[in-house]
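**Q** Pasting the sequence and the predicted model now:
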Amino acid sequence: MTITETTKQYVRQRAKYLCEYCHSPEEISTSRFTIDHIKPRSLDGTDDVNNLALACSRCNQRRYNFTVGSDLETQAEVALFNPRSQQWQEHFIWSEDGTKFLELQQSVALLAIALT
Ligand SMILES: [Zn+2]
């Protein structure tokens, strides 16, 4: 099934044109952000808007089909960040110089995979 342009635009506007995983703004990217399936299609994820997220190409590629990741310190398996059910600001923060972000909680791991 193909995601319609109307749905893509809805997802883009809902995300305020920010990657929903790393919060990079699309306007400074050299390529248009992609529509990511939070639960991958290969795992029976649907094209419903609640399963879609705007993602920069780097996050989308690194995330691939993963739904869990490893905590960098404990190596424990933890769920990846879900932008539909979790608040980004509760889990991550950008460094003051804007070059990296810090995980505030170890309960989600997407960005550990996405940006390392
Ligand atoms: Zn990103």
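**A** Ah, there it is.
**Q** What lies in contact with the longest helix along the chain?
**A** Criterion DSSP state H: the longest helix present in the chain is helix 5-14. Defining contact as Cβ atoms under 8 Å, 6 or more residues apart in numbering, one finds that helix 5-14 is touched by 26, 33, 35, 47, 49, 52, 53, 54. Yep, even glycine has a C-beta here, placed from its N, CA and C like the rest.
**Q** and the fifth one, how many neighbours?
**A** For residue 49, the tally of surrounding residues (other Cβ atoms under 10 Å) stands at 15.
**Q** residues contacting it?
**A** Residue 49 neighbours (Cβ under 8 Å, 6+ apart): 7, 10, 11, 14.
**Q** From the ion, how far off is it?
**A** 19 Å (Cβ to the ion, to the nearest Å).
**Q** same check, this time on the third one
**A** According to Cβ to the ion, residue 35 stands 13 Å off from the ion.
**Q** before we move on, back to that, which residues belonging to the longest helix of the chain are considered buried?
**A** The neighbour-count check on helix 5-14 (16 or more other Cβ atoms under 10 Å) flags 8, 11, 12 as buried.
**Q** Likewise for stretch 22-31?
**A** Those would be 22, 23, 24, 26, for stretch 22-31 by 16+ other Cβ under 10 Å.
**Q** Check what pLDDT the residue nearest the centre of the chain gets.
**A** By Cα atoms, centre = their mean, the chain has its centre lying nearest to residue 21, at 2.9 Å. Looking at residue 21, its pLDDT reads 87.
**Q** now swap in residue 57 and tell me
**A** Looking at residue 57, its pLDDT reads 88.
**Q** Got the phi and psi for it?
**A** Dihedral angles of residue 57 (phi, psi; degrees, to the nearest 10) stand at phi -60, psi -30.
**Q** what about the residue lying closest to it once chain neighbours are set aside, is that helix, strand or coil?
**A** For residue 57, ignoring the flanking residues on the chain, the nearest one in space by Cβ to Cβ, 6 or more residues apart in numbering is residue 31 at 5.6 Å. Secondary structure, DSSP: H, G, I helix; E, B strand; the rest coil: residue 31 is coil.
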